[in-house]
Every structure is written in structure tokens, then in C-alpha cells.
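A.B. asks: Below is the sequence, then the predicted model.
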Amino acid sequence: MLTSLALIFLVGLSAAALCQKLKLPRIIGMLLTGILLGPYALDMLDPSILAISPELRQIALIIILLKAGLSLNLPDLKKVGRPAIMMSFLPACFEVLAFFLFAPPLLGVNRIEAALMGAVLGAVSPAVVVPRMVQLMDIKYGTAKSIPQLIMAGASCDDVFVIVLFSTFTSMAQGGSADIMDFVNIPISIVLGTLLGAVSGFLLSLLFDTAYSRKHHIRNSMKVIIILGVSFMLMSIEEWTKTNLPISMSGLLAVISMACTLKAKSIESVSKRLSEKFGKLWLAAEVSLFVLVGAAVDIRYAIGAGSVAILMILLALIFRGIGGCHMPYKNATHRKRKAFLYYLIPAKGDCPGGDWLRSPLSWAVMRSARPFCCGYRYLNHCPSGSNRDRRYI
């Protein structure tokens, strides 16, 4: 296992640095490292690492969500309430529609399987989106119009909606029918996750303040460990509700809500230091996350699918981009803002599936970072780089 960890960090960082030198997104180097070292290529990773890969990736995602929550301001989130709601489901609906229309003639699947495939590829990966939005917020880029906050809020809620679509289409593919309660559970899951996270954040802030008032100073490093422990518990509660209750709650929203509440209840210097510490943890978590995502890609299906799968994904991206650009957000009218939203939407993660799903999914994971990072680079490195360009964001 130690050898596998060494390869993940050393080769992954080297490949990321090489891609950065070639003016490519660092994520591409990490994904390619995972594909190369994974069980479907050189098979150099220990099976014990691959066995706990989902848990390691979830830990990495929790770290960046905590970093994001400690960087968010609640007044900024209030500004983007309605557009964020639209962002959470409208682009995904457009992508599902693209698969529903074009996948049957291109990939030889029926309409239900096409919709199921669209639901799988319709999920946005917070691990790709959130770090870039945090970077924009750190440099105050786009914060005047709350664009990064809008994107992060939409990406956090997107998975809740897409998972319900996936479950519904899976049931229909197996001969069942759609359950209206699954759709009713979407706002319930969002509200319960937000409330539970807010309560957890308030209790943590109360714990830290009480300890400080009684002269039992808790170091920031110890606070990080406590916050991580509570975050893991929130994710565990999500899994428990899915298996034992008719309703569920969103663990990811609970984590980010907890971090936002903790920031609101803490003094600015404390929340800033905590955010910096989670940012340092993300340096290692990012490499492990994307290398392990790459290791889950079976490159044989991508090669076997060929140009047809690429064409299908490009069509889906066009549809999704249209959905993102035509949201009723009155401030997102400038051409650079629209281009950024268009490139943002296709940021994906990986999902398992059958053979007929894995072919396009393999290509989807490999192209996951490129559209988003191109848009990010276009926004962040405009020709003049002047304040005149920045104020329109």
C-alpha cells in the first residue's frame, strides 16, 4: 500500500506539473496517471488501495467542501437564491434530453436506457468545480455579482436532483415505474441537509467559544480534526437515512452548511486560518482524488466506443451549455460571463455502470476537466487582464 501511495503522489504531482508546463489543466495529468497506474493498464496500484478508493475520494471531497464553506458569505448566497436553484437542475435536464434524443440512433440503446445514461453523465462533480470557484473567491474575482457562489451552490444541489433521476430511470429500465415521492424528496433532502449542517455548525461554534471562555484553548489544528470528524458523521447519517427512512438528507449540503454556519459564528481571523488549513490538506487530497478517479476508468471501453461516444458527449455538452446560458439570471448577460457558464457546466466526475454505460463514461471522465478549465482560463487570463475586464464578471 505504501508503494501505491508513493506512486499516486509522486507520479501524480509530476504529471500535473508537466501538464501545467504545457498550459493544460493539472487535473488531466492526475487523471492520466490514474489511468496508467490503474488495474486496466499497468496495474501498479495495490488492491487494498482500490478497495477503499470510494472512501478516500469522499474524504477528499469533504475537505474541499469545508474549504469552500469557510470561504462563503451567507449574504452572497442570498443574492443567488433563484438562479442557484435553476442551476441545480436545468442544465442536467438539457443533457438528459440530449441523450434521450440522440443516444438511441448513435449508441443503439432504447429510450429509457438513453435517459439513464444521461442521468449518469448529467451529474456535476463538486471536486472539479468547487476548488476553482474558491480560487476565484480568494482573488475577489466575480464576487461583485456572486458568480462563484452561484456556481458552487448549483453544483452542490445538482447531484441530489440527478441521483433521483438515476433511481427513477433505473426502476423504469427494470420494468418498474416512476415514484412521485422520489421527486418530493428532492427539496426535503436539501432542506434537511442544510438544517442539520447549520445545527452542527452552531454547536461546534458553541463548543469552541465555551472552551475559549473557560481558558481551555483549542488549537486550530485540533479544530480541523473535530470538524472533519463531524463531517464524516454527517455523511454517515446520509447513508443511514437512505437505507432506514423513507426520506433522506444531503450529506454534502450538510457539510458545506456546517462550514458556512461555523464561519458566520466565528471571528474572521479564526475562520480564515481554518480555511487555510483545509486548503493545505486539499493539496494532498486533490492528487489522491483525481488519480483514483482515473484508476477507475476502464480505458478498453473508451477505445472500443471510439468516435461515436465522443460525438454523443459533444452533443450532450452543447445541450447542457445551452441550458446553462439561458438561465433567467439577469446579471449573466456579458459575453465572458456566458462563455464561462457555458464551459463550467460540463465538469464531471466518474460513475459506475454497465458495459453500455462505461463506454461513454470512460470518455466523459477523461474529458471531465478540460471544458471547465478552458472556461476558467478564458475568464482568468483575459487579453488585457485589466480591471475593465474584471468588473463585468
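C.D. replies: Happy to help now that I have it. Residues are numbered from 1 along each chain as shown.

A.B. asks: centroid residue for this structure?
C.D. replies: Centroid-nearest residue in the chain: P126, 1.2 Å away (criterion: C-alpha atoms, centre = their mean).

A.B. asks: what's the pLDDT at that one?
C.D. replies: pLDDT for P126: 77.

A.B. asks: need the contact list for it.
C.D. replies: Shown in contact with P126 (C-beta atoms under 8 Å, 6 or more residues apart in numbering): 61, 64-65, 152, 155-156, 159, 252. From N, CA and C alone the C-beta is placed, and that goes for glycine too.

A.B. asks: quick one: low-confidence ranges for the chain?
C.D. replies: Counting by pLDDT under 70, the ranges of the chain that qualify are 76-77, 81, 176-179, 325-393.

A.B. asks: ok, how many other residues are close to the residue nearest to V270 when sequence neighbours are not counted?
C.D. replies: Leaving out its chain neighbours, the residue that sits closest to V270 by C-beta to C-beta, 6 or more residues apart in numbering is N220, at 7.4 Å. Residue crowding around N220 was assessed by other C-beta atoms under 10 Å; the count is 12.

A.B. asks: if I look at N220, how far off is S200?
C.D. replies: 18 Å (C-beta to C-beta, to the nearest Å).

A.B. asks: Sort out which residues of the longest helix belonging to the chain are buried, please.
C.D. replies: Ranked by residue count, the top helix of the chain under DSSP state H comes out as helix 180-213. Going by neighbour count (16 or more other C-beta atoms under 10 Å), the buried part of helix 180-213 is 185-186, 188-190, 192-194, 196-198, 200-201, 204-205, 208.

A.B. asks: what's around A17, how many residues?
C.D. replies: Neighbour number of A17 under other C-beta under 10 Å is 12.

A.B. asks: Work out for me the element it sits within.
C.D. replies: Assigned by DSSP states H and E, A17 falls within helix 2-21.

A.B. asks: Return that helix as PDB; C-alpha atoms alone will do.
C.D. replies: What follows is helix 2-21, C-alpha atoms only, in PDB (Å, rounded to 0.1, in the frame of the first residue of the first chain):
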ATOM      1  CA  LEU A   2       2.800   2.400   0.800                       C
ATOM      2  CA  THR A   3       4.300   1.900  -2.700                       C
ATOM      3  CA  SER A   4       0.900   2.600  -4.200                       C
ATOM      4  CA  LEU A   5       0.600   5.800  -2.200                       C
ATOM      5  CA  ALA A   6       4.100   6.900  -3.200                       C
ATOM      6  CA  LEU A   7       3.200   6.300  -6.900                       C
ATOM      7  CA  ILE A   8       0.000   8.200  -6.500                       C
ATOM      8  CA  PHE A   9       1.600  11.300  -5.000                       C
ATOM      9  CA  LEU A  10       4.900  11.400  -6.900                       C
ATOM     10  CA  VAL A  11       3.800  10.400 -10.300                       C
ATOM     11  CA  GLY A  12       0.500  12.300 -10.000                       C
ATOM     12  CA  LEU A  13       2.200  15.500  -9.000                       C
ATOM     13  CA  SER A  14       4.900  15.100 -11.700                       C
ATOM     14  CA  ALA A  15       2.200  14.600 -14.400                       C
ATOM     15  CA  ALA A  16       0.200  17.600 -13.100                       C
ATOM     16  CA  ALA A  17       3.300  19.800 -13.200                       C
ATOM     17  CA  LEU A  18       4.100  18.600 -16.700                       C
ATOM     18  CA  CYS A  19       0.500  19.400 -17.900                       C
ATOM     19  CA  GLN A  20       0.800  22.800 -16.200                       C
ATOM     20  CA  LYS A  21       4.000  23.400 -18.100                       C
END
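
A.B. asks: returning to what we had before: can you give the distance of the next helix or strand after the longest helix of the chain from its chain's centre?
C.D. replies: Next helix or strand after helix 180-213 toward the C-terminus (DSSP H and E): helix 220-244. Put simply, helix 220-244 sits 18 Å off its chain's centre (C-alpha atoms, centre = their mean, to the nearest Å).

A.B. asks: now stretch 149-167
C.D. replies: Centre-to-centre, stretch 149-167 and its host chain are 9 Å apart (C-alpha atoms, centre = their mean).

A.B. asks: wait, doesn't V287 sit right on I8?
C.D. replies: Yes: with contact defined as C-beta atoms under 8 Å, V287 reaches I8; the gap is 6.5 Å.

A.B. asks: What ranges does the stretch 51-200 of the chain have for its helices?
C.D. replies: 53-69, 74-79, 81-107, 111-121, 126-138, 147-173, 180-213 (DSSP state H, counting those that start in this stretch).

A.B. asks: what does the first one contact?
C.D. replies: It refers to helix 53-69. 49, 126-127, 130-131, 133-134, 152, 156, 227-228, 231-232, 235, 252, 255-260, 262-263, 275, 278-279, 281-282, 285-286, 288-289, 292-293, 295-296.

A.B. asks: Let's see that with 7 Å instead.
C.D. replies: Helix 53-69 is contacted from outside by 126-127, 130-131, 134, 152, 227, 231, 235, 252, 255-256, 258-260, 263, 275, 278-279, 281-282, 285-286, 288-289, 292-293, 295-296, using C-beta atoms under 7 Å, 6 or more residues apart in numbering.

A.B. asks: coming back round to it: nearest to G323, of the helices of the stretch 51-200 of the chain?
C.D. replies: When the helices of the stretch 51-200 of the chain are compared by C-beta to C-beta, helix 81-107 sits nearest G323, at 3.2 Å.

A.B. asks: quick one: that closest one to helix 147-173, angle?
C.D. replies: Interaxial angle, helix 81-107 versus helix 147-173 (axes from the mean of the first three to the mean of the last three C-alpha atoms, to 10 degrees): 50 degrees.

A.B. asks: so what secondary structure elements neighbour helix 81-107?
C.D. replies: On a contact count with 3 or more C-beta pairs under 7 Å, 6 or more residues apart in numbering; DSSP states H and E, helix 81-107 meets helix 111-121, helix 147-173, helix 307-325.
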